[in-house]
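Peer 1: what would the 3D arrangement of this be:
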Amino acid sequence: MGNDTILVTVLLHRLATTFKIRDLGPPSFFLGIETLTVGDSFLLSQRRYMQDILSRSGMTDCKALATPASVTQPAVPTSDPFENPTQYRRIVGALQYLTITRPDLVYSVNMLCQFMHSPTDNHWCLLKRVLRYIKGTQDYGLRLRPSTTSDLHAYSDSDWAGWPIDRKSTSGYAVFLGDNLVSWVSRKQRTVARSSTEAEYKGLADVAAEVTWVVSLLRELGSTQASRQHCGATILGPHTWLPIQFSTLG
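Peer 2: As a prediction, the model looks like this:
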């Protein structure tokens, strides 16, 4: 893909002199990801993959929900183990691939993955809630569109001791290159934070490392916009996003 058809043609010709290739035309469907044209942008969709997950889990005709997880009911273990842990692991593993185009599922899938070793009936109910959310959001995907700027914008947030089992915090971030989301994570912190400020700063350190890597990658790709950058951050308090703006200077 590229915005210069001549360079794309030259590249394909050079590849054809060394490898046996076949030009399939514009991107449409690859590795379970469908490319849809929406105006001047692309929508990366895994609708077929979602339908396959719902079919394998017997949730094709389930009632849709508006949210993937409950914020009032923590995922605490119960005394009743799930009767088919293999099915639980298979479906959760499939959901991990779905997060490639569904950043809104990252938090819920990360939570479900932490019970792969010994899932319970309660965890299965949480998994079915995610599937019911997917049922109503099959048209969602990752949209990529032309942007007028190459600035990096990163947002980070963390809870404090939100995990009831080991009292560890969960943090997440989202990194935008211009108007496009290019990197996102939601994961449990490795150590126990002794204050909400400490939890926020740990999340801030993670997103700062990610942005540093993105800037390094842009430099390797020859982007002149990544030659210099400055950043600023504002601590707004617990349970709020921390905006970090990395403005590129040519």
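Peer 1: how about the strands in this protein?
Peer 2: Secondary structure of the chain (DSSP state E): strands at 29-30, 33-38, 41-45, 142-144, 152-158, 170-177, 180-188, 228-233, 242-249.
Peer 1: any chance of those strands in a markdown table, plus mean pLDDT, distance to Leu65 and mean neighbour count?
Peer 2: C-beta here means a position set from N, CA and C on the backbone, and glycine is covered the same way. Shown next, in a markdown table, are those (pLDDT from 0 to 100; distance: least, CB to CB, whole Å; neighbours: other CB atoms under 10 Å):
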| stretch | mean pLDDT | distance to Leu65 | mean neighbour count |
| --- | --- | --- | --- |
| strand 29-30 | 84 | 28 | 10 |
| strand 33-38 | 88 | 24 | 15 |
| strand 41-45 | 90 | 20 | 18 |
| strand 142-144 | 92 | 21 | 18 |
| strand 152-158 | 91 | 23 | 22 |
| strand 170-177 | 92 | 21 | 22 |
| strand 180-188 | 92 | 19 | 16 |
| strand 228-233 | 46 | 35 | 12 |
| strand 242-249 | 43 | 29 | 17 |
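Peer 1: and the ones you listed as CSV, adding distance to Leu204?
Peer 2: As requested, these are exported to CSV (distance: least, CB to CB, whole Å):
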stretch, distance to Leu204
strand 29-30, 36
strand 33-38, 31
strand 41-45, 29
strand 142-144, 25
strand 152-158, 5
strand 170-177, 9
strand 180-188, 13
strand 228-233, 6
strand 242-249, 6
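Peer 1: can you say which of these is nearest to Glu198?
Peer 2: For Glu198, the closest of these is strand 152-158, at 9.3 Å, according to CB to CB.
Peer 1: helices or strands up against the closest one?
Peer 2: strand 170-177, helix 196-220, strand 242-249 (3 or more CB pairs under 8 Å, 6 or more residues apart in numbering; DSSP states H and E).
Peer 1: show me how the record splits this structure into domains.
Peer 2: Using automatic domain parsing, the domains assigned to the chain come out as 44-135, 147-249.
Peer 1: ranking these by mean pLDDT, which is last?
Peer 2: Note on those: lowest mean pLDDT is at domain 147-249, with a mean of 79.
Peer 1: mind checking how far it is from the chain centre?
Peer 2: 13 Å (CA atoms, centre = their mean, to the nearest Å).
Peer 1: would you point out which residue is most central in this protein?
Peer 2: Taking CA atoms, centre = their mean, the centroid of the chain lies closest to Pro103, which sits 3.4 Å from it.
Peer 1: which residues does the nearest residue in space to Pro27 that is not next to it in sequence bridge with?
Peer 2: Leaving aside its sequence neighbours, Pro27 sits nearest to Thr35 (CB to CB, 6 or more residues apart in numbering; 4.3 Å). With DSSP bridges as the criterion, Thr35 is bridged to Leu44.
Peer 1: give the contact list for Thr35.
Peer 2: Listed by CB atoms under 8 Å, 6 or more residues apart in numbering, the contact set of Thr35 reads 26-29, 42-45.
Peer 1: adding distance to Arg143, write the helices and strands packed on strand 152-158 out as CSV.
Peer 2: Listed next are those as CSV, based on distance: least, CB to CB, whole Å:
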stretch, distance to Arg143
strand 170-177, 12
helix 196-220, 19
strand 242-249, 21
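Peer 1: and of these, who's closest to Asp139?
Peer 2: Evaluated over the helices and strands packed on strand 152-158, closeness to Asp139 peaks at strand 170-177, with 20.9 Å, by CB to CB.
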